[in-house]
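1. model the following, please.
(chains A and B)
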Amino acid sequence: MTVPLGAYVAVSAVLFFIGCAGVLVRRNAVVILMCVELMLNAANLALVAFSRKYGSIDERGSVFVVFVFVIAAAEVAVGLAIILSAYRNRPVVDVDQIHQMKG
Amino acid sequence: MTFDFIEPVVFALLAIGVIAGGAAVVLLSRITAAALLMAFTFLSMAGMFVLLGAETLAAFQVLIYVGAITVLILYGVMFTKFSDRPRALFFQRQTPLAVVFVAAVAIPVALLSFSFTSASPRPGGGDLSALATSVFTDFAFPFEIASVLLLAAMVGAIVLTGRDDPEEAARRRRR
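-> The predicted structure is shown next:
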């Protein structure tokens, strides 16, 4: 491994903060979902990199990455379903305007 | 001559791809372009997994993220309307560019497939056997829980988006 571990972790951190900034800045619900996916993927990269560097032979870090894949797929399916049902109720995707359930 | 310099160069290219794609998702105002660049970010991430020696995870990444999640998000983009979309018909105006890309992919594939000599298959299978051993021994119960979670998510998505009221559906159709 000629590329050091720190380089992978740096890329992972940068991508995580890009996704975090996207969630905070963008107001379109679908784009917010995309930025959440970016953050999950950044976490995956850190998991795989640490698993390669310090992990034992049984690939536990990679197993966690598989579970993250499963949860990301479930999250995007349910998230898009919620966005679509809210959109059917009132045709907006701007999260600042979706406030029917605000107390 | 050693080839030690290739891995850092490939890593640098993939890192640029990941970070530029991620930044484009946040910065671009056209949602379709953002979704496609998100797919590009996921592809670069799969390249990083290969560089780390996790080929199985790279295959999963391409199948699940680039295949399933990107397509799902593109459907979400399709079914919701945006006021900040300056131009419609994003996919239908790049015929020359599409021809160039198709030729760039298809010609090498065709040449390779006709000049292919069968190599002896490599034993082992990368990281797959270790991953499968771990999933089906120590993590067998979480694996089953994950499958139940996927089933619940599928049922939930159907319940949330399906119309169960036939009168309301007919009224919407007439409109």
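2. helices of the chain, start to end?
-> No chain in the question, so chain A it is. Along chain A, counting by DSSP state H, helices occupy A:5-25, A:29-54, A:60-89.
3. wait, I meant chain B there
-> B:6-27, B:31-51, B:55-60, B:70-79, B:95-114, B:128-136, B:140-161, B:166-174.
4. out of the ones you listed, which is closest to residue A:80?
-> Taking C-beta to C-beta, helix B:70-79 is the member of the helices of chain B nearest to residue A:80, at 4.4 Å. Just so you know, the C-beta spots here come from the backbone N, C-alpha and C atoms, and that holds for glycine as well.
5. anything in the closest one sitting right up against chain A?
-> Yes. Using C-beta under 8 Å from any C-beta of the partner chain, helix B:70-79 reaches chain A at B:72, B:73, B:75, B:76, B:77, B:79.
6. my guess is the first one meets residue A:79, correct?
-> No. Counting by C-beta atoms under 8 Å, residue A:79 is not a contact partner of residue B:72; they are 9.5 Å apart.
7. what is the neighbour count of residue A:79?
-> By other C-beta atoms under 10 Å in any protein chain shown, 21 other residues sit near residue A:79.
8. in contact with it, which residues?
-> Applying C-beta atoms under 8 Å, 6 or more residues apart in numbering or on different chains, we find residue A:79 in contact with A:33, A:36.
9. coming back round to it: determine which stretch of the helices of chain A is the most buried.
-> helix A:29-54 (a mean of 22; mean count of other C-beta atoms under 10 Å in any protein chain shown).
10. tell me the mean pLDDT over that one?
-> Confidence for helix A:29-54, expressed as mean pLDDT, is 90.
11. tilt between it and helix B:6-27?
-> 160 degrees (axes from the mean of the first three to the mean of the last three C-alpha atoms, to 10 degrees).
12. now do helix A:29-54: distance to the chain's middle.
-> Distance, stretch centre to chain centre, for helix A:29-54: 6 Å (C-alpha atoms, centre = their mean, to the nearest Å).
13. show me what it is packed up against.
-> Using 3 or more C-beta pairs under 8 Å, 6 or more residues apart in numbering or on different chains; DSSP states H and E, the elements in contact with helix A:29-54 are helix A:5-25, helix A:60-89, helix B:6-27, helix B:31-51, helix B:70-79.
14. what would the ones you listed look like in JSON lines with distance to residue A:35 and mean pLDDT?
-> What follows is those, written out as JSON lines (distance: least, C-beta to C-beta, whole Å; pLDDT from 0 to 100):
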{"stretch": "helix A:5-25", "distance to residue A:35": "3", "mean pLDDT": "91"}
{"stretch": "helix A:60-89", "distance to residue A:35": "12", "mean pLDDT": "89"}
{"stretch": "helix B:6-27", "distance to residue A:35": "6", "mean pLDDT": "92"}
{"stretch": "helix B:31-51", "distance to residue A:35": "9", "mean pLDDT": "92"}
{"stretch": "helix B:70-79", "distance to residue A:35": "11", "mean pLDDT": "88"}
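15. between those, which gets nearest to residue B:96?
-> Nearest of the helices and strands packed on helix A:29-54 (C-beta to C-beta): helix B:31-51, 17.9 Å.
16. could the helices of chain B go into CSV alongside mean neighbour count?
-> Shown next, in CSV, are the helices of chain B (neighbours: other C-beta atoms under 10 Å in any protein chain shown):
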stretch, mean neighbour count
helix B:6-27, 18
helix B:31-51, 22
helix B:55-60, 20
helix B:70-79, 18
helix B:95-114, 10
helix B:128-136, 17
helix B:140-161, 14
helix B:166-174, 9
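17. can I get these in CSV with distance to residue A:52?
-> Formatted as CSV, the helices of chain B follow (distance: least, C-beta to C-beta, whole Å):
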stretch, distance to residue A:52
helix B:6-27, 13
helix B:31-51, 10
helix B:55-60, 11
helix B:70-79, 26
helix B:95-114, 30
helix B:128-136, 12
helix B:140-161, 22
helix B:166-174, 52
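18. out of these, flag the one nearest residue A:21.
-> Across those, the minimum distance to residue A:21, taken as C-beta to C-beta, is reached by helix B:6-27, at 6.0 Å.
19. which strands and helices sit next to the closest one?
-> Counting by 3+ C-beta pairs under 8 Å, 6+ apart, helix B:6-27 packs on helix A:5-25, helix A:29-54, helix B:31-51.
20. which residue is nearest the centroid of chain B?
-> Nearest residue to the geometric centre of chain B (C-alpha atoms, centre = their mean): residue B:66, 0.4 Å.
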